[in-house]
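A.B. asks: I need the structure of the sequence given here:
(chains A and B)
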Protein chains: 2
Amino acid sequence: MLYFEDVVVGETQRFGAYEVTRDEVVDFASRYDPQAFHLDDEAAAKTYFGRLSASGWHTCAMTMRMMVDNMKNHEQAGLGSPGVDEIRWLTPVYPGDTLRVELTTADKRRSRSKPEMGSIFGLVEVFNQHDTKVLTMKTIGLIRCRDPQGA
Amino acid sequence: MLYFEDVVVGETQRFGAYEVTRDEVVDFASRYDPQAFHLDDEAAAKTYFGRLSASGWHTCAMTMRMMVDNMKNHEQAGLGSPGVDEIRWLTPVYPGDTLRVELTTADKRRSRSKPEMGSIFGLVEVFNQHDTKVLTMKTIGLIRCRDPQGA
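C.D. replies: The predicted model follows:
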């Protein structure tokens, strides 16, 4: 089990190989982001996207799945997340793409008011199979300390 | 059709009534955020959440659906979004909740390099049926100008 004390600032983890399918792109968009360019090639051809592309929120969701699978391989004393900063959708994600994650620990800070926990600040970068960066975001995670009385 | 020139800074739109179901919470979490507290009441009872709660990404997705439905009622010359800032998951979202949105236009800026478009900066606040704020985020949207030669 990984605790606050074990988290190494500056370390980068690389993981994930998420295959983006047309069915899943359309299914997600139908439920949550039913804009024509996420549903239909013909409508998308008239836009910046050129052809059917995934909702940005779908890309975030696929990224989360890769992050949760990675956490299961490296179990953490996680306490959830208060939020995310600065999501940037840099390049459209298309059916047929395969996505992977580079997660860098940017900083960590022990809570002053709750010394049994701390915050981990991550930079998430998602790439497609051409090594083009499609998404970045700055994550915040809460994690327990191994030694609640520690410095 | 609403263009950049028509967007009123300071205006607030109120819309949406999204009913959060247990099936949908579990379905989303199974695919994209399979952490125990989003899948199972018993596991959630041991955590801060107390009982089964929606993935924060699911809350974002449900919010997007309400925003897209609202845009269809007020058609915009939208050009997509480069990203989102400062997502904050303030309160857990539970099956049985009904969510609604308050969207305030915080600012708008015409592009200097591409005078045919501008950026709209929004503050999104999502509330449950108890008027408790569950989510905030700062959106960025690109929109065409009616008059590409305008000021």
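A.B. asks: List the buried residues in the lowest-mean-pLDDT helix or strand in chain A.
C.D. replies: Using mean pLDDT, DSSP states H and E, the weakest-scoring helix or strand in chain A turns out to be helix A:41-45, at a mean of 88. Neighbour-count burial for helix A:41-45, with 16 or more other Cβ atoms under 10 Å in any protein chain shown as criterion, is recorded at residue A:44. Every C-beta, even on glycine, is put in place using the N, C-alpha and C of the backbone.
A.B. asks: any residue of it up close to chain B?
C.D. replies: No - if you take Cβ under 8 Å from any Cβ of the partner chain as the test, helix A:41-45 misses chain B, and the best it gets is 11.1 Å.
A.B. asks: send the alpha carbons of that helix over as CSV?
C.D. replies: Taking C-alpha atoms only, helix A:41-45 is exported to CSV below (Å, rounded to 0.1, in the frame of the first residue of the first chain):
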residue,chain,number,x,y,z
ASP,A,41,-19.2,11.5,-39.8
GLU,A,42,-21.1,13.6,-42.3
ALA,A,43,-21.9,16.3,-39.8
ALA,A,44,-18.3,16.2,-38.4
ALA,A,45,-16.9,16.6,-41.9
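A.B. asks: That one packs against which elements?
C.D. replies: Helices and strands touching helix A:41-45, as assessed by 3 or more Cβ pairs under 8 Å, 6 or more residues apart in numbering or on different chains; DSSP states H and E, are absent.
A.B. asks: which is the next helix or strand following it?
C.D. replies: Next along the chain after helix A:41-45, taking DSSP states H and E as the criterion, comes helix A:56-73.
A.B. asks: and the next element down the chain from that following helix?
C.D. replies: Using DSSP H and E, the next helix or strand after helix A:56-73 towards the C-terminus is strand A:83-89.
A.B. asks: just checking, residue A:102 touches residue A:11?
C.D. replies: No - under the criterion of Cβ atoms under 8 Å, residue A:102 is not in contact with residue A:11, lying 11.0 Å apart.
A.B. asks: Just want to know which of these two has more residues nearby.
C.D. replies: residue A:102 (16 against 9; other Cβ atoms under 10 Å in any protein chain shown).
A.B. asks: three-state assignment of the more buried one?
C.D. replies: State at residue A:102, reduced to three classes by DSSP: H, G, I helix; E, B strand; the rest coil: strand.
A.B. asks: what's the nearest residue to it once chain neighbours are set aside in contact with, if anything?
C.D. replies: Leaving aside its sequence neighbours, residue A:102 sits nearest to residue A:125 (Cβ to Cβ, 6 or more residues apart in numbering or on different chains; 4.6 Å). Listed by Cβ atoms under 8 Å, 6 or more residues apart in numbering or on different chains, the contact set of residue A:125 reads A:101, A:102, A:103, A:104, A:133, A:135, A:136.
A.B. asks: ok, residue A:125 to chain B distance?
C.D. replies: Look at residue A:125 and chain B: by Cβ to the nearest Cβ, to the nearest Å, they are 14 Å apart.
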